[in-house]
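K.L.:
got a structure for you, letters missing:
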C-alpha cells in the first residue's frame, strides 16, 4: 500500500484475527508502539516497532516501549512533518493535508454503547429515595447528593451488604424529620442499561404535568 505522505514508501498489509468488529470494514492502520494488541502481534511475527509518540521527559532517539505499549500523552516523533506536535494537533494536521490532497476529509463518528451503572458499588448505584412510615417514599435532598456509601462494609455474608449495615440505611425523613428508626434508605439498585430504560419508559406525569420520578424510583 502506498504511503499517503512519503513518496516511494510502501506500507505492508497484514491479515490478523484480533481487529475489533466495531471498527467497521476496510483496512485498519496498525501502530504497534501504542496499541497493545498491535504490539503483541508485532512481537509474535518479529515486525519493527517504531514509537511515534514520546513522553515529554523522554528522548525520542532512545525511547523504547519494550513489552508494554505506550498509550499516554506526548509529542510526535519519527513522523516527518508531524514531529514535535501533540497528538490532537497532529491529527488535525493530517486531516488538513489529506483534504488538501483530495484524499479524504474529517468526519465525526458516533457509536451507541450500552450505559452500565456500575455494579461494583456494593452491587449497584444506590437510588436516592428515603422511605418514611408517615410520608412514604421521599427523594433525598439535592444538598445531600450524591449518596455516599459506607466504607466499613461486610462482604462475608450472602445478600445485600447495605441491608446488613448497622447505621447506613437509617436516616431522618427529609420531609417530616421523623427519627432514624422510622426512615430508611432505598436498598434496590440500578443494575444497568435495562433498568435505566425502564425508568425512562415508565416515568409518568401527574395531573399538574410534573414527572413523578421520586415515586417511580421507589417502585423500581
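P.N.:
The structure has been received and is ready for your questions. All figures in this text were calculated on a predicted structure; none of them were measured in a lab.

K.L.:
In this structure, what residue spans correspond to helices?
P.N.:
Assignment of helices within the chain using DSSP state H yields the ranges 36-44, 87-100, 161-164, 193-202, 213-219.

K.L.:
any idea which of those helices scores lowest on pLDDT?
P.N.:
Lowest mean pLDDT within the helices of the chain: helix 213-219, a mean of 39.

K.L.:
the strands in this structure, which residues?
P.N.:
Ranges of strands in the chain, per DSSP state E, are 53-54, 75-76, 125-126, 129-132, 136-139, 184-185, 189-190.

K.L.:
domains of this structure?
P.N.:
21-100, 125-219 (automatic domain parsing).

K.L.:
Please produce JSON lines containing those domains, extended by distance to residue 3.
P.N.:
No exception for glycine: its C-beta is placed from N, CA and C like everyone else's. Formatted as JSON lines, these follow (distance: least, C-beta to C-beta, whole Å):
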{"stretch": "domain 21-100", "distance to residue 3": "10"}
{"stretch": "domain 125-219", "distance to residue 3": "42"}
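
K.L.:
Can I get these in TSV including distance to residue 12 and mean neighbour count?
P.N.:
TSV is the format used below for these (distance: least, C-beta to C-beta, whole Å; neighbours: other C-beta atoms under 10 Å):
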stretch	distance to residue 12	mean neighbour count
domain 21-100	8	14
domain 125-219	41	14
